[in-house]
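*Asks:* quick one, what's the 3D model for this:
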Amino acid sequence: MSTRIAFLKGHGTENDFVIVPDPENAVDLPPAAVAALCDRRAGIGGDGLLHVVRSAAHPEAEGMAAEAEWFMDYRNGDGSVAEMCGNGVRVFARYLQRAGHVTEGDITVATRGGVKTVHLAKDGDVTVGMGRARLPEGDVTVSVGERSWPARNVNMGNPHAVAFVDALTDAGDLLTPPPFSPAAAYPDGVNVEFVVDRGPGHVAMRVHERGSGETRSCGTGACAVAVATARRDGADPAVTGTPATYTVDVPGGRLVITERPDGEIEMTGPAVIVAEGEIDAEWLAGAVG
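*Replies:* Below you'll find the model as predicted:
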């Protein structure tokens, strides 16, 4: 292995990522290595890591290679594997554009949550086709301290519990995962969103992301929030034939979410590459060891 490994740093509405380009899947990234890289004091720092691999070179993505050349091998900040990251896929697409692998327009990206369509606009915003939301049956409750709220169970390829609260401060410090019940609703943990209204078609949220803690933004979470808010408001595009669009404010910025009558959800927001450099492989080996 070479003594240095290329990396970039990027963010989407301040949901930030370490990006490791590795087309042939040659860089070993065990959970401890990812956690070390994402450490904000001893590493590069990030809410997660985007491992950029050609689909044909990764055993989890080779079946999608005919549809999408590139696979977003996404990891949470603690090193655990995640199915999908909405802000991450926008930043992933921006990296592909920067590296000359794609140009503006429509591209496809393979993820553990399936193949996603991404549109790179001239104005700099990136729109991602996030697929359809699933709304599992059953009541869910989330808690902070002594307070509890009913939550909507929304699956965007990864699990979410969306709770409507009076104030975003009700979410507490979000340093630890908010307890939820029943446990069987989310056997692998859950992303929890706390939501307040800002106006017609406009909400704000805070989120505890599974494996990362509170983050400045969560793309799949914003989609889950838009769907849950639409249903709360009595809007179901599949029934009305009219798209439902919500502006979702996150601590790191703003996302616009549209649910179409066919069930497809589109998310639009910024994606920025802020730096690039090299990781010292000896340091990484020591951090893992």
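*Asks:* enumerate the positions of stretch 222-232 that are buried.
*Replies:* 222-231 (16 or more other CB atoms under 10 Å). The way it works is simple: take the backbone N, C-alpha and C, and place the C-beta from them, glycine included.
*Asks:* would you format these as JSON lines with distance to V239 included?
*Replies:* Rendered in JSON lines, the data for these read as follows (distance: CB to CB, whole Å):
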{"residue": "A222", "distance to V239": "22"}
{"residue": "C223", "distance to V239": "19"}
{"residue": "A224", "distance to V239": "19"}
{"residue": "V225", "distance to V239": "20"}
{"residue": "A226", "distance to V239": "16"}
{"residue": "V227", "distance to V239": "13"}
{"residue": "A228", "distance to V239": "16"}
{"residue": "T229", "distance to V239": "16"}
{"residue": "A230", "distance to V239": "11"}
{"residue": "R231", "distance to V239": "11"}
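*Asks:* in helices only, show me those residues.
*Replies:* 222-231 (DSSP state H).
*Asks:* of these, which is the nearest to A133?
*Replies:* V227 (4.5 Å; CB to CB).
*Asks:* where's the closest one relative to A121, distance?
*Replies:* Separation of V227 from A121 (CB to CB, to the nearest Å): 23 Å.
*Asks:* now stretch 6-18, how far from the chain's geometric center?
*Replies:* Taking the mean of its C-alpha atoms, stretch 6-18 sits 12 Å from the chain's own mean (CA atoms, centre = their mean, to the nearest Å).
*Asks:* next, count neighbours for the nearest residue to N155 once chain neighbours are set aside.
*Replies:* Using CB to CB, 6 or more residues apart in numbering and skipping the chain neighbours, the partner closest in space to N155 is R134 (4.2 Å). For R134, the neighbour count with other CB atoms under 10 Å is 13.
*Asks:* my guess is R134 contacts N158. True?
*Replies:* No - with contact defined as CB atoms under 8 Å, R134 does not reach N158; the gap is 10.8 Å.
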